[in-house]
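Undergrad: Prediction below, plus the sequence it came from.
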Amino acid sequence: MQVDVPIQLPSQLEDEIRKTIASVIIEGAKQATNLYYDLPPYPNKSQLKAALKVGNEKVKQWEAEGLPVTRFSDNDYRYDRNDIIKFFDNRKV
């Protein structure tokens, strides 16, 4: 046996619930679809590997395939987030 009991919420509360649910869904979608979400503008190799969840060999492979690297100083090499996005956009099939 099923019993349905209608609940009447104040319209302000309904609006607040809708806004909260929408923002949670939008934020989750951004994180799920955007590989670059956690990247700073000029990540180092460790930050790139952590954000994209890959290892050192994969990053070396991407560099060999044309991922640009920027030398900030003698021992500081970084990647431009925009270059990373372009690199992966060009690989889409």
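TA: Yep, that arrived. Numbering: from 1, shown residues only.
Undergrad: Output the top helix by length along the chain as CSV, nothing but the C-alphas.
TA: The single longest helix within the chain, with elements called by DSSP state H, is helix 11-33. Provided in CSV are the C-alpha atoms of helix 11-33 (Å, rounded to 0.1, in the frame of the first residue of the first chain):
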residue,chain,number,x,y,z
SER,A,11,7.8,29.5,-2.5
GLN,A,12,11.0,31.1,-1.2
LEU,A,13,12.1,27.7,0.2
GLU,A,14,11.3,26.0,-3.1
ASP,A,15,13.3,28.6,-5.0
GLU,A,16,16.3,28.2,-2.6
ILE,A,17,16.2,24.4,-3.0
ARG,A,18,16.1,24.7,-6.8
LYS,A,19,19.1,27.1,-6.8
THR,A,20,21.1,24.9,-4.5
ILE,A,21,20.4,21.8,-6.5
ALA,A,22,21.2,23.6,-9.8
SER,A,23,24.5,24.9,-8.5
VAL,A,24,25.6,21.5,-7.2
ILE,A,25,24.8,19.9,-10.6
ILE,A,26,26.6,22.6,-12.5
GLU,A,27,29.7,22.4,-10.3
GLY,A,28,29.7,18.6,-10.6
ALA,A,29,29.4,18.8,-14.4
LYS,A,30,32.3,21.3,-14.6
GLN,A,31,34.6,19.0,-12.6
ALA,A,32,33.5,15.9,-14.5
THR,A,33,33.9,17.4,-18.0
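Undergrad: other SSEs contacting that helix?
TA: For helix 11-33, there is no helix or strand it packs on, judged by 3 or more Cβ pairs under 8 Å, 6 or more residues apart in numbering; DSSP states H and E. Backbone N, C-alpha and C define where each C-beta goes, glycine included.
Undergrad: after it, next one along is what?
TA: Using DSSP states H and E, the helix or strand that directly follows helix 11-33 along the chain is helix 45-52.
Undergrad: now that following helix, how far from the chain's geometric center?
TA: Centre-to-centre, helix 45-52 and its host chain are 12 Å apart (Cα atoms, centre = their mean, to the nearest Å).
Undergrad: after it comes which helix or strand?
TA: Next helix or strand after helix 45-52 toward the C-terminus (DSSP H and E): helix 56-64.
Undergrad: All good on my end, thank you.
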